[in-house]
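For reference, the sequence and a predicted model appear below.
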Amino acid sequence: MKKRISMILVGSLLLASFNDVKADLLKEQSDKVESFTSEDSIMNNATGKESVKPVKFPQYYQADARWGSKRYGISNMKISGCVPTSLSMVLSVLKEEVTPVQVADYIYNTSTEMNTMFVGTSSDGAAAAIEHWGCNYRVINSKDDLKVALKSGNIVFGSVGHGLFVKGNGTHAIILSGYQNGKVHAIDPDNQEKTNKWYSIDEIWSQRSMAPEDNSVGGPFMVISK
């Protein structure tokens, strides 16, 4: 009887121990699941570097045959349509499907901020279109501010000068999202070879536009949100 009781006691202890181990394993697995439930932001425990997936945009090009030759004031979409083309991709993700022509029509017909006093569209014109489609914008104040915005999963609209995306003295609008080891994923509305690729945030920030019309809202980069 004592032997049987001892065996039962040992069995109970083993079962309890097994259940404890199982509970620990389940908790550990649950913690892992909770840590990776967000598909947008993942922390690589091996390197300690954060990675945020870029937003998937419909790819529009300002030189598209459907609207590239459409004229607005002193220029046309192919030459100077980077702002409305970029904004249309962002608005199509945040609100509803919008074409570059719809954005260009609104800016040109309601203001003098596109192809009137200068070639291209000012950041004031961009801001007006953003608000017209029911979205909000916030000006990026520093490189650190840009990195924080990207790590938070935000979409950033920006104007850059000579360098990665511009050859010459002009400026150009691009879309930024995602973060990976100090790099950002860029969408270019003009160049198929440069769009949909990762670039150094430091390099892009150093090439931000200094043109007055691109800084009329307080800076050339802005977060766009619903």
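It's in.

Okay, Ser215 and Val139: tell me how far apart.
Residue 215: Asn, not Ser. Note on Asn215: its distance to Val139, by Cβ to Cβ, to the nearest Å, is 9 Å. Quick note: C-beta positions are derived from backbone N, CA and C, even for glycine.

Between the two, point out the one with more neighbours.
Taking other Cβ atoms under 10 Å, Asn215 and Val139 do not tie; Asn215 has more neighbours (18 against 15).

dump the residue contacts of that one.
Listed by Cβ atoms under 8 Å, 6 or more residues apart in numbering, the contact partners of Asn215 are Ser123, Ser209.

quick one, phi psi at it?
phi -120, psi 10 (degrees, to the nearest 10).

same deal with Lys151?
Taking degrees, to the nearest 10 as the convention, Lys151 sits at phi -70, psi -20.

Quick check: phi and psi on Ala128?
Dihedral angles (degrees, to the nearest 10) for Ala128: phi -60, psi -40.

so it makes contact with Glu113?
Yes: using Cβ atoms under 8 Å, Ala128 is in contact with Glu113, at 7.0 Å.

which residues touch Val55?
Going by Cβ under 8 Å, 6+ apart, Val55 touches Val93, Ile155, Ser177, Gly178.

Could you say which helix or strand holds Phe157?
For Phe157, the host element (DSSP states H and E) is strand 155-160.

counting contacts, what elements does that strand pack onto?
helix 82-94, helix 143-151, strand 172-180, strand 221-225 (3 or more Cβ pairs under 8 Å, 6 or more residues apart in numbering; DSSP states H and E).

before we move on, the earlier item: generate JSON lines for the contacts of Val55, with pLDDT and neighbour count as supplementary columns.
Shown next, in JSON lines, are the contacts of Val55 (pLDDT from 0 to 100; neighbours: other Cβ atoms under 10 Å):
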{"residue": "Val93", "pLDDT": "98", "neighbour count": "19"}
{"residue": "Ile155", "pLDDT": "99", "neighbour count": "23"}
{"residue": "Ser177", "pLDDT": "99", "neighbour count": "23"}
{"residue": "Gly178", "pLDDT": "99", "neighbour count": "19"}
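
And those, which is closest to Gln59?
Using Cβ to Cβ, Val93 comes nearest to Gln59 of the contacts of Val55, at 11.7 Å.

Look up how far Ile224 lies from the closest one.
According to Cβ to Cβ, Val93 and Ile224 sit 9 Å apart.
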